[in-house]
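# Structure, please.
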Amino acid sequence: MSKRKEPPREGNVNQEFCDFLLEIAEYERNVNKNIYKYNAYRKAASSLARHPTRITNGKEARNLDGVGQKIAEKLDEFIETGELTKLKKIRKDDTGVAINNLTRVSGIGPSKARELVEQGIKSLEDLRKYADKLNHHQQIGLKYLEDFESKIPRAEIEQIETVMREEIAKLDDRYEITICGSYRRGKQESGDIDALITHPTYTSDKKSNASLLQDVVKALEVNGLITENIALGDVKFMGVCKIAERARRLDIRLTPYDQYYCSVLYFTGSDLFNQQMRAHAQSNGFTLNEYCLRRVGSTGAPGEPLPLSSEEDIFDYMDYPYRRPEERNL
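Now for the predicted structure:
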């Protein structure tokens, strides 16, 4: 819902390899605009982050998903020398360094960062002097840069969740709410807070109750939990909340009542677990996405969405062993 999530750091014995792969990935996306290489480096970093033991050479790493010959060679070079030629070149590219630095700000993508650099704005200090060149989202991203970059402790999200539940229940106790992402998967830290809400009066064939999300956001603003509004539509809110000293990114998505459990499954993740679920669905005659689960007929066309009353129903339909959220950290 916000910036792309990083591979897990907890217990990662290959962290230093992941760090340089992610640094190269950001350069490929932000400077070279090569999304293919960006995704390739990130995929390799994710595989290394999940590997339980520290790799000792590139050949060993080749056995991991997403690690090809070129990345294996870079791993060998780093293991043998403690350095990486490609990384040295990247760090000497002043324009590239400036672009990467500016894209740290939420709302600033590679194109906007390059535009700013071409105007002579090459650092965050420069950016703060010319904040009038930024839109509302980017100004908030700059204002809370350090807060947004710091991880959110689980205990803090638990406090935020409690406040949200209490205030939303006062509004209407028929609302349902789930904080998804790494928090729901049991992680001790998260990058931001992704909340899903639904209401029985809001379904895929009856979406007339468009004020549901606005009412929730207004209640949380009055309560003081939400302190900044980046964007608010009928079904998506992006903003900032604060319950301790730090400002935190908060996204709230309103999803139809009959699609809620597929959405909860999807936004809980992990990405790899979702891929495995979709692959299992396909191989067993179903199609699964963030909206619904459907059987595929003899003609190859998906049927009507199957009725769901829980996440477990999705697993049961597909004859897939239920995995608790904390077991989905693949």
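# Isn't residue 26 up against residue 100?
Yes. Counting by CB atoms under 8 Å, residue 26 touches residue 100, with 5.5 Å between them. All C-beta spots, glycine's among them, are computed from the backbone N, C-alpha and C.
# Run through the residues that contact residue 277.
The contact partners of residue 277, by CB atoms under 8 Å, 6 or more residues apart in numbering, come to 265, 288, 314, 318, 320.
# Check which helix or strand it maps to.
Secondary structure assignment for residue 277, by DSSP states H and E: helix 271-283.
# Mind listing what's buried along that helix?
For helix 271-283, burial by neighbour count (16 or more other CB atoms under 10 Å) applies to 272, 273, 274, 277, 281.
# Any figure for the gap between the closest residue to the second one other than its chain neighbours and residue 111?
Using CB to CB, 6 or more residues apart in numbering and skipping residues adjacent in sequence, the residue nearest residue 273 is residue 328, 4.2 Å away. Residue 328 is 34 Å from residue 111, where distance means CB to CB, to the nearest Å.
# So for those two, which sits in the more crowded spot?
residue 328 (20 against 12; other CB atoms under 10 Å).
# quick one, what contacts the more buried one?
Contacts of residue 328 (CB under 8 Å, 6+ apart): 185, 268, 269, 270, 273.
# Name the member of those residues with the most neighbours.
Highest neighbour count within these, by other CB under 10 Å: residue 268, with 22 neighbours.
# Can you tell me how far that residue is from residue 312?
Distance of residue 268 to residue 312, computed by CB to CB: 13 Å.
# Repeat that for residue 237.
Taking CB to CB, one finds residue 237 at 29 Å from residue 312.
# Tell me which of the two has more neighbours.
Legend: neighbour count by other CB under 10 Å for residue 237 and residue 312, higher for residue 237 (24 against 11).
# all strands of the stretch 51-200 of the chain, in order?
152-153, 176-179, 189-190, 193-198 (DSSP state E, counting those that start in this stretch).
# what pairs with the longest one, and is each one parallel or antiparallel?
Looking back up the chat, that one is strand 193-198. Taking DSSP bridges as the criterion, strand 193-198 pairs within the sheet with strand 176-179 (antiparallel), strand 247-254 (parallel).
# where does the chain have low pLDDT?
1-10, 208, 210 (pLDDT under 70).
# and the longest helix along the chain with strand 247-254, angle?
Taking DSSP state H as the criterion, the chain has its longest helix at helix 154-171. Calculated by axes from the mean of the first three to the mean of the last three CA atoms, to 10 degrees, helix 154-171 forms an angle of 40 degrees with strand 247-254.
# Let me see the residues that make contact with helix 154-171.
175, 177, 179, 183, 187-190, 193, 195, 197, 215-216, 219-220, 223, 225, 241, 243-244, 248, 250.
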